[in-house]
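Trainee: How does the following fold in three dimensions:
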Amino acid sequence: MAMTLAEQTITRSDYTLEGTLLEVCSCGVLCPCFVGEDPDGGECVGLIAYHLDRGEIGGVDVTGLTVANIVEIPGNALAGGWRVVVVIDADASDEQHEALVAAFGGQLGGGLADLAGLVDELVAIEWEPISHAVEAGTGTIRIPGVLEAEIAPITGASGEPTTLQETMFSTVPGAPAYVSKASRFSVDLAAYGMSWSFEGHNAVQTPWRMEHAG
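Mentor: Coordinates of the predicted model:
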């Protein structure tokens, strides 16, 4: 089910978005979902967050904002059936909020519509402060009272971060996906039956870009 608004006033369906995709989840390191395989234990719960370093949706500037999807995935991620709570950055204006929900909900078409098609149940759309301070696979993301994660990259023999390229979820050719570990990751959305806490599980961050001409 695509995300919807009771009323929509977005008149243009084009978008250009660029930033990072951050995944933190219940799988071990490395998450099989990120390369298109079945999740550890047969199911996955976690966070998929998009931080927009630059972005425009239908003429609306959304630069600097974050969209966080708190998800339950019952099997292979590409098979769909996702159950999702979407959190829109509280720094978004009414116009930006509407644009983000329309784009990431698939209403404007393009690649984001394909992603929205994986969602079977949209549980809620929340509007909360999101602190996103993650770069090259290290840092923190917080939604006060809802979510907290601290991650650090896995390093190789040279001390450099371990990276992947051309994964199932890569949208920037040749860009590195930083393989990381979350020292802590917790979600508290008991009202929606979504609460968990993990230590030492998967995190991956990669540059991300999505464009649609409308």
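Trainee: can we go C-alpha only for contacts and neighbour counts from here?
Mentor: Noted.
Trainee: I'd like the distance between Val204 and Leu65.
Mentor: According to Cα to Cα, to the nearest Å, Val204 and Leu65 sit 19 Å apart.
Trainee: Now do the same contact list for Thr155.
Mentor: For Thr155, the contacting residues are Pro161, Thr162, by Cα atoms under 8 Å, 6 or more residues apart in numbering.
Trainee: Pairing partners for it in the sheet, please.
Mentor: Pro161 (DSSP bridges).
Trainee: one step back: of Val204 and Leu65, give the one with the bigger neighbour count.
Mentor: Counted by other Cα atoms under 10 Å, Val204 and Leu65 do not tie: Val204 has more neighbours, with 29 against 24.
Trainee: Assumed the more buried one was part of a helix.
Mentor: No. Assigned with DSSP: H, G, I helix; E, B strand; the rest coil, Val204 falls outside any helix and is strand.
Trainee: Confirm for me that Ile57 is in contact with Ala102.
Mentor: No. Contact criterion Cα atoms under 8 Å: Ile57 and Ala102 do not qualify, at 9.0 Å.
Trainee: What is the neighbour count of the residue lying closest to Gly80 once chain neighbours are set aside?
Mentor: Using Cα to Cα, 6 or more residues apart in numbering and skipping the chain neighbours, the partner closest in space to Gly80 is Leu118 (4.0 Å). The tally of other residues near Leu118 (other Cα under 10 Å) stands at 18.
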